[in-house]
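S.K.: sequence-free structure coming up:
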């Protein structure tokens, strides 16, 4: 197992600052709050500024969304695409609770790139929004009720997927489907689907039911290749989710600390009470741990090889329990362990810190004018995104062979 640097490098820090500056100008708290308005704004200008103009859509344009050289080798003047840089962007988007489909887009880009669909990758990198049509709480993107029929290259798809995140912003839907006995991934134009949004807890990442009735689609991959692409995409999504949770928890902690430094009660500032000092210190430690875990997760994906065909996680273990450094299956298992650990911990920490900071605000924390509720809603929704914390912990226990 290789060691991982748990501090951001110069390229990642530069990207963080650039994204933070853009969001400060275009996505303040009132902008994020407007996601709950009716009718809901489409935030097309904000999406274009981030995904196309700033080039976040290009960060994951490499094979499978992975930079073969690793993020650490990126030249300072021209950062190479890769999970570590995407993680830096996700961190800042989490800080702002930005209503931008970056994480869901990244999952789609990773699946498409892993299957070598270069034309679609180029289209997505140019600013089109791709979304995987899977339920937001799905822990396995290959589980589907959608049926496909047709030739080896083009099919028609029929079926309904419930609670798909960011579907209303999509230009292209990447649809997991069953074609007879085979599993396939199909690219379908969003205009060919019926997309019906509905109210949800976190309107900054809205949900919609997506239905197809014989919609035409292009086959991106079939069988094991499609399944492995879904798994690679899910792991990337979980790693970026951990980064998003880290940014969310970091920012909501800052908001809470600023409040108790200024708010006075019983003739003194709230921050001077020892009980609140201890709770704030515990929250800060959890946030710092999460930042390190999230960075380790995206760095592990930058360094790990693709999922080996027919390989079993952990197959590279020696009798002594050490992993062979040059074994792709072992490297992939190490990356999965890092990602699942960070995502499970991130789901827990984001909710805990948001709840603590809401309590620091007292009654004000329950009002619409204070932005704390935005962070708590996103954190609670993130608890289920791509699988619950309990599901991730069970999966992690299986990989590292821990009996329940």
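M.R.: Looks like it arrived, so ask away. Because the structure is predicted, anything quoted here is derived from the model rather than measured.
S.K.: and the strands in the stretch 51-200 of the chain?
M.R.: According to DSSP state E, counting those that start in this stretch, the stretch 51-200 of the chain carries its strands in the segments 130-132, 147-150, 154-165, 172-179, 182-189, 194-198.
S.K.: all helices for the stretch 201-350 of the chain, in order.
M.R.: Using DSSP state H, counting those that start in this stretch, the helices of the stretch 201-350 of the chain run over 223-262, 274-303, 328-360.
S.K.: these: which one's closest to residue 388?
M.R.: Between residue 388 and the helices of the stretch 201-350 of the chain, the tightest spacing by C-beta to C-beta is seen for helix 328-360, at 7.7 Å. Where you see a C-beta, it was placed from the backbone N, CA and C, and this is true even at glycine.
S.K.: just say which of the strands of the stretch 51-200 of the chain is most tucked in.
M.R.: Most buried of these, by mean neighbour count (mean count of other C-beta atoms under 10 Å): strand 130-132, with a mean of 27.
S.K.: run through who's touching it.
M.R.: The contact list for strand 130-132 (C-beta atoms under 8 Å, 6 or more residues apart in numbering) reads 101, 104-105, 107-109, 111-112, 120, 124, 141, 164-167, 169-176, 187, 190, 233.
S.K.: residue 366 - how many residues pack around it?
M.R.: 11 (other C-beta atoms under 10 Å).
S.K.: wait, isn't residue 259 in contact with residue 358?
M.R.: No - using C-beta atoms under 8 Å, residue 259 is not in contact with residue 358, being 10.4 Å away.
S.K.: hang on, the earlier thing: turn the helices of the stretch 201-350 of the chain into JSON lines, including mean pLDDT, distance to residue 402 and mean neighbour count.
M.R.: Shown next, in JSON lines, are those (pLDDT from 0 to 100; distance: least, C-beta to C-beta, whole Å; neighbours: other C-beta atoms under 10 Å):
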{"stretch": "helix 223-262", "mean pLDDT": "96", "distance to residue 402": "19", "mean neighbour count": "24"}
{"stretch": "helix 274-303", "mean pLDDT": "94", "distance to residue 402": "18", "mean neighbour count": "20"}
{"stretch": "helix 328-360", "mean pLDDT": "93", "distance to residue 402": "11", "mean neighbour count": "24"}
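S.K.: so which of those helices is nearest residue 148?
M.R.: Ranking those by their distance to residue 148 (criterion: C-beta to C-beta) puts helix 223-262 first, at 11.3 Å.
S.K.: got the angle for the closest one vs strand 182-189?
M.R.: With axes from the mean of the first three to the mean of the last three C-alpha atoms, to 10 degrees defining the directions, helix 223-262 sits at 60 degrees from strand 182-189.
S.K.: got a list of contacts for the one helix or strand in the chain whose mean pLDDT sits lowest?
M.R.: Lowest mean confidence among the helices and strands of the chain (mean pLDDT, DSSP states H and E): strand 264-265, at a mean of 80. With contact meaning C-beta under 8 Å, 6+ apart, strand 264-265 is reached by residue 270.
S.K.: distance from that strand to the middle of the chain?
M.R.: 39 Å (C-alpha atoms, centre = their mean, to the nearest Å).
S.K.: could you dump the helices of the stretch 201-350 of the chain to a markdown table with distance to residue 210?
M.R.: Converted to a markdown table, the helices of the stretch 201-350 of the chain look like this (distance: least, C-beta to C-beta, whole Å):
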| stretch | distance to residue 210 |
| --- | --- |
| helix 223-262 | 17 |
| helix 274-303 | 28 |
| helix 328-360 | 24 |
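S.K.: how about the contacts made by the most far-flung residue of the chain relative to its centre?
M.R.: Within the chain, residue 267 marks the point farthest from the mean C-alpha position, 43.9 Å out by C-alpha atoms, centre = their mean. For residue 267, the contact set (C-beta under 8 Å, 6+ apart) is empty.
S.K.: with that, I have no additional questions.
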